[in-house]
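Asks: this one's sequence-less:
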């Protein structure tokens with residue numbers, strides 16, 4: 001009713017509501033019937049009358065599949081996914097011939113020991129193992145969304161991180177063996193700091209840095225020089241450190257250029273040369289020309305000002 005700006009909705013005769021269940025109708029199935037405007041209504045009633053029913057409905061909340069899983073359902077699901085051998089959520093899940101999900105290494109060891117029966121069902125079982133990436137995706141969603149928490153979830157996160165690190169190290173090590181400069185740099189840094197599950201080994205780090213330098217990585221050359229300087233009590237390392245540091249600086253490694261500048265100011269001596277502030281300024285300026293913006297840039301700028 002345009003004059004009163006009120007309206008109501010009624011069903012057509014061919015629409016039925018079965019068993020008291022809610023139903024939906026499309027606009028072409030509705031008939032608009034004019035009603036006389038009522039006598040004066042409160043302001044809130046007027047607003048309600050002018051508002052189409054569809055506008056009164058709250059907007060739909062779209063949730064991800066992980067958010068739709070109720071916590072109790074997630075825990076029940078997790079119980080079904082726990083490996084019967086390790087009693088943990090599998091990091092590399094596989095489905096065995098008995099239809100049960102296992103940790104790959106655990107069930108593979110079980111079969112290798114000559115066990116011909118299912119660890120869970122105790123029925124005859126073949127040796128076929130099928131990858132189950134969908135299971136891993138389900139576990140990842142319910143764990144990372146926080147739907148599943150606790151010791152099992154924490155243990156899965158730790159084991160997954162270790163597994164991913166091991167896979168990355170294996171791939172990087174193979175690339176380093178083929179003289180990939182970037183891979184050599186990564187392996188050297190990881191061994192130097194004991195990262196990615198590798199042992200902390202200065203000797204291995206120096207070897208990878210040397211290999212990377214031969215492959216043309218000047219950052220590897222700089223890192224090797226730093227490690228050689230850390231062995232300065234052994235006099236034989238000093239000339240090698242100085243040579244590598246100088247080459248890395250000349251070839252544009254800003255960290256090496258800063259080291260050379262500090263050497264010229266005798267704050268980080270590499271050689272027996274006298275103090276040379278002018279040369280220090282040159283190295284600082286070269287470093288500032290290539291280094292990325294940041295707090296370190298400010299620090300180098302301050303050292304340059306002092307040198308001047």
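Replies: Thanks, I have the structure now. Keep in mind it's a predicted model, so treat the numbers as computed, not measured.
Asks: distance of residue 180 from residue 186?
Replies: For residue 180, the distance to residue 186 equals 9 Å [C-beta to C-beta, to the nearest Å]. The way it works is simple: take the backbone N, C-alpha and C, and place the C-beta from them, glycine included.
Asks: And the two? Which one has more around it.
Replies: Between residue 180 and residue 186, residue 186 has the larger neighbour count (other C-beta atoms under 10 Å), namely 21 against 18.
Asks: In the stretch 201-308 of the chain, mark out all the helices, start to finish.
Replies: Counting by DSSP state H, counting those that start in this stretch, the segments of the stretch 201-308 of the chain that form helices are 202-214, 218-229, 237-250, 254-264, 277-290, 295-307.
Asks: now those as a markdown table including distance to residue 120 and mean neighbour count?
Replies: Below are the helices of the stretch 201-308 of the chain laid out as a markdown table (distance: least, C-beta to C-beta, whole Å; neighbours: other C-beta atoms under 10 Å):
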| stretch | distance to residue 120 | mean neighbour count |
| --- | --- | --- |
| helix 202-214 | 43 | 20 |
| helix 218-229 | 51 | 23 |
| helix 237-250 | 58 | 19 |
| helix 254-264 | 56 | 24 |
| helix 277-290 | 61 | 18 |
| helix 295-307 | 57 | 14 |
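Asks: Tell me which of those sits nearest to residue 175.
Replies: The closest approach between residue 175 and any of these, judged by C-beta to C-beta, belongs to helix 202-214 at 11.1 Å.
Asks: Give me the helices and strands touching that closest one, please.
Replies: helix 151-177, helix 181-193, helix 218-229 (3 or more C-beta pairs under 8 Å, 6 or more residues apart in numbering; DSSP states H and E).
Asks: ok so, going back, closest to residue 173 out of the helices of the stretch 201-308 of the chain?
Replies: Nearest of the helices of the stretch 201-308 of the chain to residue 173, taken as C-beta to C-beta: helix 202-214 at 9.3 Å.
Asks: Quick check: which ranges of the stretch 201-308 of the chain have low pLDDT?
Replies: Residues of the stretch 201-308 of the chain that meet the criterion pLDDT under 70 lie in 232-237, 267-274.
Asks: go on, the stretch 1-150 of the chain?
Replies: Scanning the stretch 1-150 of the chain for pLDDT under 70 picks out 1-75.
Asks: My guess is residue 169 contacts residue 196. True?
Replies: Yes: applying C-beta atoms under 8 Å, one finds residue 169 in contact with residue 196, separated by 5.2 Å.
Asks: Quickly list what's touching both of those two.
Replies: residue 190 (C-beta atoms under 8 Å, 6 or more residues apart in numbering).
Asks: In CSV, list the helices and strands packed on helix 202-214 along with distance to residue 304.
Replies: Output for these, formatted as CSV (distance: least, C-beta to C-beta, whole Å):
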stretch, distance to residue 304
helix 151-177, 36
helix 181-193, 28
helix 218-229, 20
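Asks: Of those helices, which stretch is the most buried?
Replies: Of the helices and strands packed on helix 202-214, the one with the most neighbours on average (mean count of other C-beta atoms under 10 Å) is helix 218-229, at a mean of 23.
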